[in-house]
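In: what shape does this take:
(chains A and B)
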Amino acid sequence: MITRAEICVTACADAWRGDGEILASPFGIIPTIGARLARATSSPDLLLSDGEARFVAGTWAVDDPPPGPVEGWIPFRAVFDMLWAGRRHAMMVPSQLDRFGNMNISAIGDDFARPARALIGMRGAPGNTVCHPVSYWVPRHQRRVFVPRVDVVCGVGYDRGIHSVSIPRVVTNLAVLDFGGPSHAMRLVSAHPGVSVDEVTGNTGFGLVIDGEIAQTRMPTTEELRLIRDIIDPRSLRDQEVPPP
Amino acid sequence: MTADEVVSELRPGMTIGIGGWGSRRKPMSLIRAMLRSDLSDLTIVAYGGPDVGLLCAAGKVRRLIYGFVSLDSIPLEPHFQAARQGGAIKVTEYDEGMLQWALYAACLRLPFLPAKAGLGSDVQRLNPDLRTVRSPYCDGTELLAVPALPLDAALIHMNRADAAGNTAFLGPDLYFDDLFAGAAARAYVSCERLVPTSELGDYPSLKIHRWMTTGVVLSRNGAHFTSCAPDYDRDESFQREYVAAAKDPAAWQAFASRYLEGTEEQYQRAVRSR
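Out: Prediction:
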């Protein structure tokens, strides 16, 4: 029985397909499994960090320290250098995301001086989004996240006059989306097996572009399932992020 | 020096940078000394963690300049959230790379450094004083001119230091501590161990030198409860206790009187006896 979480893992892994020798920076459990899976299968040249300050080779479990070997030393400053040079593809977790890919992790509410809810802050989102591709992972696809307009633009979307913006895909617990609609509007690419198009649109706070018949998100291959279940996530942390229905 | 002597050289209204990153290698014993002082009205510059939270909770902060505030293993800092949501502090929120550039410009005594980070985002809307510059070369690119951010003082925690103010970091990441020191008129360093110069460490760890520092404070376990690799990891259970207490005024009062109202020695003893 293939789980929803496993489908999300391969949908995330596909974000880095064909990316070459760049730093893959996943945030969240399922994108982390996905990035390691991508390197073990479709994208062997990817660079992966141990989450502290080292490039590490090999494939290892999401909740274990990496066995190594260490390929390089990348303190935050080196990560900044790499990202400003465009040699990175991050997958970040938005608190809000809008129709043109603007993304908020800073604060919720109309008044920035006194927000209804203060979040973590801009972090690297402004720089990331103008310097290198940024995809998004939304573990709970809901209207609170997919809003008509974000309260604070941290990650830059396609409607802000910045030509370098690239948001290859958005993966959620329900679907895969991209910005292939008119004027880079968000478009539904595929719904996960067992999810209806209505369920996706009903949990999205703006009109999604629906371009003809919507495909089903692909299933993991036998080899991918083996890597996910035996090597990268043997203790099923993925089910904590996307619980089985 | 002692931590209290460092704090006695600080003044209300100063702009003070704090080294470390999130809940990692923060000069917490110096922060705790600030909590015991009558300092106020400060502008604090940081990749923020519990340093920022504690100073906000104590009402020491007028303005905060930051890229994020987080406890790492616990994403949101409760005192920072409360201060923001109550409108108690003014903020300058930057992209974290912009903050690096602002400090580096101050280090180099440049008025600004150009950056792509920030363009198109609400960093520009929320900080209307920011200006852009156009490249004078044939590319003609428009860039954000990140203004230099000179500091009156910087507070940093290192693994090792000598009496002259040379320091060594032995962990995986210096973070941006050298830039905080270089941007500051006076940089104060607390350290886990005070050692002879010959025992500081290998060359790559010797990044902050005596010409960049003003005073050294021996402060064993001084970064507690943040991490100080390889000397110790973050005290996760204490951090959870801190977060739980911060969510309720009565619990916070109890936490503060148990841990924060005495000397650093009393703090360390209270931590050991948990």
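In: from now on I want contacts and neighbour counts done on CA atoms only, so please keep to that.
Out: Fine.
In: and the closest residue to A:L174 other than its chain neighbours, backbone torsions?
Out: Nearest non-adjacent residue to A:L174, counting by Cα to Cα, 6 or more residues apart in numbering or on different chains: A:H192, 5.6 Å away. The phi and psi values for A:H192, taken as degrees, to the nearest 10, are phi -70, psi 150.
In: from chain B, how far off is A:H192?
Out: 29 Å (Cα to the nearest Cα, to the nearest Å).
In: over to A:D63?
Out: 14 Å.
In: contact partners for the residue of the stretch 151-274 of chain B found nearest chain A?
Out: For the stretch 151-274 of chain B and chain A, the shortest gap (Cα to the nearest Cα) falls at B:D173, measuring 5.1 Å. The contact partners of B:D173, taken as Cα atoms under 8 Å, 6 or more residues apart in numbering or on different chains, are A:A53, A:P75, A:F76.
In: same check on B:I208?
Out: B:I208 neighbours (Cα under 8 Å, 6+ apart): B:N166, B:T167, B:A168, B:D178, B:A181.
In: just flag the most distant two among those.
Out: Across the contacts of B:I208, the longest distance by Cα to Cα is 13.4 Å; it joins B:A168 and B:A181.
In: out of the two, which sits in the more crowded spot?
Out: The neighbour comparison of B:A168 against B:A181 (other Cα atoms under 10 Å in any protein chain shown) goes to B:A181, with 29 against 25.
In: over to the more buried one. Which of the three states is it?
Out: Following DSSP: H, G, I helix; E, B strand; the rest coil, the label given to B:A181 is helix.
In: not counting its neighbours along the chain, what's nearest it?
Out: Using Cα to Cα, 6+ apart, the nearest residue to B:A181 is B:A187, at 5.3 Å.
In: for the one you found, give me its contacts.
Out: So B:A187 contacts B:A153, B:A154, B:L155, B:I156, B:F180, B:A181, B:M212, B:T213, B:T214, B:G215 (Cα under 8 Å, 6+ apart).
In: doesn't it lie inside a strand?
Out: Yes - when three-state DSSP is applied, B:A187 is found to be in a strand.
In: quick check, pLDDT for it.
Out: For B:A187, the pLDDT comes out at 98.
In: now swap in A:G51 and tell me
Out: 85.
In: do B:R11 as well
Out: 98.
In: apart from its chain neighbours, what residue comes closest to it?
Out: B:L39 (6.4 Å).
In: which secondary structure state is assigned to the one you found?
Out: Under three-state DSSP, B:L39 comes out as coil.
In: show me what contacts it?
Out: B:L10, B:R11, B:P12, B:K60.
In: and these as a markdown table, adding neighbour count and distance to B:P111?
Out: What follows is the contacts of B:L39, written out as a markdown table (neighbours: other Cα atoms under 10 Å in any protein chain shown; distance: Cα to Cα, whole Å):
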| residue | neighbour count | distance to B:P111 |
| --- | --- | --- |
| B:L10 | 18 | 25 |
| B:R11 | 16 | 25 |
| B:P12 | 13 | 25 |
| B:K60 | 23 | 28 |
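In: quick check, nearest of those residues to A:F100?
Out: B:K60 (39.8 Å).
In: pretty sure that closest one sits against B:I44.
Out: No - using Cα atoms under 8 Å, B:K60 makes no contact with B:I44, being 9.2 Å away.
In: let me see the mean pLDDT of stretch A:228-236.
Out: So the average pLDDT for stretch A:228-236 ends up being 98.
In: need the pLDDT of the residue of the stretch 151-274 of chain B closest to chain A.
Out: 97.
In: where's it, which helix or strand?
Out: Using DSSP states H and E, B:D173 falls within no helix or strand.
In: again, but for B:V6
Out: helix B:3-8.
In: export that helix as CSV, just CAs?
Out: C-alpha atoms of helix B:3-8 as CSV (Å, rounded to 0.1, in the frame of the first residue of the first chain):
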residue,chain,number,x,y,z
ALA,B,3,30.2,40.7,32.5
ASP,B,4,29.0,43.5,34.8
GLU,B,5,32.0,45.6,33.8
VAL,B,6,31.1,45.1,30.1
VAL,B,7,27.6,46.2,30.8
SER,B,8,28.8,49.2,32.7
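In: next structured bit after that helix?
Out: In N-to-C order, the element after helix B:3-8 by DSSP H and E is strand B:15-18.
In: and that following strand, what does it pack onto?
Out: strand B:42-48, strand B:151-161 (3 or more Cα pairs under 8 Å, 6 or more residues apart in numbering or on different chains; DSSP states H and E).
In: show me what counts as buried in it.
Out: B:T15, B:I16, B:G17, B:I18 (16 or more other Cα atoms under 10 Å in any protein chain shown).
In: for these, which one is nearest chain A?
Out: The closest of the buried residues of strand B:15-18, once distances to chain A are taken by Cα to the nearest Cα, is B:I18, at 16.4 Å.
In: separation between that closest one and A:V134?
Out: Distance, B:I18 to A:V134, by Cα to Cα, to the nearest Å: 30 Å.
In: B:V7 too?
Out: In terms of Cα to Cα, B:V7 sits 43 Å off from A:V134.
In: can you give me the end-to-end distance of stretch B:129-137?
Out: Stretch B:129-137: ends 25 Å apart by Cα to Cα.
In: what sits against the nearest residue to A:C8 once chain neighbours are set aside?
Out: With Cα to Cα, 6+ apart as the measure, A:N173 is the residue that lies nearest to A:C8, at 6.5 Å, once sequence neighbours are left out. Each residue near A:N173 by Cα under 8 Å, 6+ apart is listed here: A:R4, A:A5, A:C8, A:V138, A:P139, A:R140, A:H141, A:H192, A:V242.
In: and with 7 Å instead?
Out: Counting by Cα atoms under 7 Å, 6 or more residues apart in numbering or on different chains, A:N173 touches A:C8, A:V138, A:P139, A:R140, A:H141, A:V242.
In: top of the residues you listed by neighbour count?
Out: Neighbour max across those (other Cα under 10 Å) = A:C8, 30 neighbours.
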